[in-house]
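J.: Got a predicted structure here, sequence first:
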Amino acid sequence: MRYALFIYLFFSSFSSLYAVRSEEVYYYSVDITKSENDKLGVMLETPKIAKDEAVFCFPKIVPGTYAIYNFGRFISGFKAIAKNGIDLVTEKRDVNSWVIKNAKDLDRILYEVEDTWDTPLKEDFVFEPAGTNIEKGKNFLLNTHGVFGYFEGMKFNKLEISVTRPVDFYGSTGLSSIKTENNKDIFYLNNYVELVDSPIMYCIPDTSSIMVGKARVLVSVYSPNKVLKASQIVGSLSSTLMAQKDYLGGELPVDKYAFLFYFTDRDTGGSGATGALEHSYSSVYYLPEMPFDILKQTLRDVTAHEFFHIITPLTIHSEEIGDFSFNSPKMSQHLWMYEGCTEYAAGHMQVKAGLIERDEYIEIIRDKMQGADEFKDDLPFTTMSKGCLDEYKKDYNNVYQKGALIGMCLDIWLRNYSGGHYGTQDLMQDLGKKYGKNVSFRDDTLFSVIEKMTYPEIGNFFKKHVAGKEPLPFAETFKMVGLEYYPKFSVLGISYGNIDIGYNPNSGRLVVAGISEMDDFGKALGFLEGDELVSFNGSPLTVDNIKDVISGFIEKAVEGKSLKVQVFRNKEGKMKKVKLKAKIRKVEITEKHILFFSKNASERQVKTRDAWLGKQK
């Protein structure tokens, strides 16, 4: 009874905002000043229901994610109330939906939403950029699909969302249709699809904006320890955004865009990962709170990727995405384009605009090739895409490796056959004109459409290397642009152990992030995953000097002498200083995917290369 009384008192505080309400509109009310125990109360004054039974749902999956999350798991205290104030009978049909009896009499729905970031439900944990954060007095990240539901058959009704907030909080969003009354914001949306596409982040504002062409771009930051500032990020991203504008043909396909950044001071969240999620007019980021100089290039890369999603799949997409089913999803076979070409464009744009050097970009390509080696190479990419929710779930992350390499190969092939005049930039612009945000293509026709728009060889490329099992034709592709390529090369040389090095924002130290490729010298030193690096032969190791320290060691190392490394190691829950030591000796160093510019490239190869990477200044 006490719980039921709380629900009644909580929702009785809401008052009607409108004298006359449409029977076709969802009227939602949320008061974030009254959140308790990482939960939010939600009230919906419902549109008119014409049937005796209605089914109220929360999404099983949402666009941009490729995992089943079942957002209905986080809903409790669900009540349907008639116009006379009597509770209607409800039955939970499944984890995401409720059947409401005598729905013609329905007046309003009440429920509570649990914070997905801080939930005891650890199985199928929601990747933070797709979830909800409820930190009273600090931050509310409202991914709307985790807060608001819809009636089956009524997802295209209009909605009005009223949010009561602390007076010093600001709601950052990509939405434009907003009304503010004192400490109450009202958001107007055309349908539930638009709502799901529109996250809102509330906190004490740290925002900055920039005009990119005719589009206003907002950057909103929540950094709990004030390590990062919106002004820093805008200053860094301005050149990237301008380059993206040029890459997309000179104008952006949006009038407003919002970057919503949540920087965490914890090692990792419940998902164990950091990253971002794209939307049509915004993107959400969950990243480690660390010094700006360390994050600078990561911010460039990840924001470029998410921003380019305004083209694929938000402008160019198949019917599976254009008519997305939140509770009975069908996957498209074209992740090579939605994620792969987006990831490719994020890096390619930077080298073409001169933001990074050619040699640096070649190393990015090599990293992608080495990353793709960890996945099944004989699995057709289209098959993986269709099965990424279940059978091939473990292979999904290859979209950022092989998917990007598909985009690279396609770009080089197009430029080769067009004499340098046409590439993936042009192809995406043409596909955008042919289809656009409101027109979807049939999933099984895209390859033939692109072949007709370009060349027969491109059709064969898709058939063999994307829909087929044949590996990507790296040697043939790189030859088109005068690059020498060797799949594998081994040599005896000096090594520092071949460990993966990361960064621990809590300690401010570099850390041994992986030892799967550690060589014999690393084994002799005795590195363990999680070791925090202090010094190499007495030279302190920091983010700023690690490249110089390691390259200096390799350059001056003498066989038979010792390398002394100091680390902090976790021993029985405490970090203790440990000294590692081993005699320097040559070990077999195997490099995969050796790639460098040929000194004997032909005029045609150089022309195609310049069209691909941009002419060097």
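T.: Arrived safely, thanks for sending.

J.: so what secondary structure elements neighbour the strand or helix carrying residue 239?
T.: In this structure, residue 239 is located in helix 230-247 according to DSSP states H and E. Secondary-structure packing of helix 230-247 (3 or more Cβ pairs under 8 Å, 6 or more residues apart in numbering; DSSP states H and E): strand 207-212, strand 215-222, strand 256-264, helix 292-308, helix 342-352. Any C-beta I mention is one placed from the backbone N, CA and C, and that applies to glycine too.

J.: Now do the buried residues in that helix.
T.: Neighbour-count burial for helix 230-247, counted by 16 or more other Cβ atoms under 10 Å, picks out 230, 232, 233, 234, 236, 237, 240, 241, 243, 244, 245, 247.

J.: what's the answer for stretch 384-402, then?
T.: Neighbour-count burial for stretch 384-402 [16+ other Cβ under 10 Å]: 384-389, 392, 395-402.

J.: for stretch 262-277, same thing?
T.: 262, 263, 264, 269, 270, 271, 274, 275, 276, 277.

J.: Tell me the one of the residues you listed nearest residue 112?
T.: Distance to residue 112, by Cβ to Cβ, is smallest for residue 270 among the buried residues of stretch 262-277, at 19.6 Å.

J.: Residue 115 contacts residue 136, doesn't it?
T.: No. Under the criterion of Cβ atoms under 8 Å, residue 115 is not in contact with residue 136, lying 10.0 Å apart.

J.: which of those two has more neighbours?
T.: Taking neighbours as other Cβ atoms under 10 Å, residue 115 and residue 136 compare with residue 115 leading, 20 against 16.

J.: got the contact list for that one?
T.: 38, 39, 74, 132, 133, 134, 135 (Cβ atoms under 8 Å, 6 or more residues apart in numbering).

J.: show me the contacts for the last one.
T.: Taking Cβ under 8 Å, 6+ apart as the criterion, residue 135 is in contact with 38, 115.

J.: same check, this time on the fifth one
T.: With contacts taken as Cβ under 8 Å, 6+ apart, residue 133 has the following neighbours: 115, 116, 117, 118, 139, 140, 141, 262.

J.: beta partners of it?
T.: residue 141 (DSSP bridges).

J.: And the pLDDT at it?
T.: Note for residue 133: predicted pLDDT of 97.

J.: Report the separation between the residue nearest to residue 187 when sequence neighbours are not counted and residue 595.
T.: Leaving aside its sequence neighbours, residue 187 sits nearest to residue 161 (Cβ to Cβ, 6 or more residues apart in numbering; 4.3 Å). Distance from residue 161 to residue 595, counting by Cβ to Cβ, to the nearest Å: 51 Å.

J.: Ok, residue 374 next?
T.: Separation of residue 374 from residue 595 (Cβ to Cβ) stands at 18 Å.

J.: Who has more neighbours out of these two?
T.: It is residue 595, of residue 374 and residue 595, that has more neighbours when counted by other Cβ under 10 Å, with 15 against 12.

J.: Count the residues that sit near residue 333.
T.: Residues lying near residue 333 (other Cβ under 10 Å) number 23.

J.: dump the residue contacts of residue 251.
T.: 213, 214, 245.

J.: what's the helix or strand for residue 588?
T.: Here residue 588 is assigned to strand 587-597, by DSSP H and E.

J.: Return the distance of that strand from the chain's centre.
T.: Centroid displacement of strand 587-597 relative to its chain, using Cα atoms, centre = their mean, to the nearest Å, is 30 Å.

J.: Sort out which residues of it are buried, please.
T.: Buried-residue list, strand 587-597, by 16+ other Cβ under 10 Å: 587, 593.

J.: Which secondary structure elements does that strand sit against?
T.: Looks like strand 587-597 contacts helix 358-372, strand 483-493, helix 520-525 (3+ Cβ pairs under 8 Å, 6+ apart).

J.: Report the distance from the last one to the chain centre.
T.: When distances are taken as Cα atoms, centre = their mean, helix 520-525 is centred 36 Å away from the chain's centroid.

J.: name the helices or strands packed onto that helix?
T.: By 3+ Cβ pairs under 8 Å, 6+ apart, helix 520-525 packs against strand 574-583, strand 587-597.

J.: With mean pLDDT and distance to residue 91 added, can I get those strands in JSON lines?
T.: Below are those laid out as JSON lines (pLDDT from 0 to 100; distance: least, Cβ to Cβ, whole Å):
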{"stretch": "strand 574-583", "mean pLDDT": "94", "distance to residue 91": "53"}
{"stretch": "strand 587-597", "mean pLDDT": "91", "distance to residue 91": "57"}
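
J.: Figure out which of these is closest to residue 339.
T.: strand 587-597 (21.1 Å).

J.: Identify whichever of the helices and strands packed on helix 520-525 lies nearest to residue 85.
T.: That would be strand 574-583 among those, by Cβ to Cβ, at 59.4 Å.

J.: That closest one pairs with which strands, and in what direction?
T.: The pairing partners recorded for strand 574-583 under DSSP bridges are strand 562-571 (antiparallel).

J.: What are the buried residues along the partner strand?
T.: 563, 565, 566, 567, 568, 569.

J.: picking up where we left off before, between which two of the contacts of residue 115 is the distance greatest?
T.: Longest span within the contacts of residue 115, Cβ to Cβ: 74 and 135, 15.5 Å.

J.: who touches the residue nearest to residue 331 when sequence neighbours are not counted in this structure?
T.: Nearest non-adjacent residue to residue 331, counting by Cβ to Cβ, 6+ apart: residue 386, 5.2 Å away. Residue 386 makes contact with 331, 332, 333, according to Cβ under 8 Å, 6+ apart.

J.: my read: the first one touches residue 389, true?
T.: I take that to be residue 331. Yes. Contact criterion Cβ under 8 Å: residue 331 and residue 389 qualify, at 6.1 Å.

J.: quick one: low-confidence ranges for the protein?
T.: 1-20, 267-268, 617 (pLDDT under 70).
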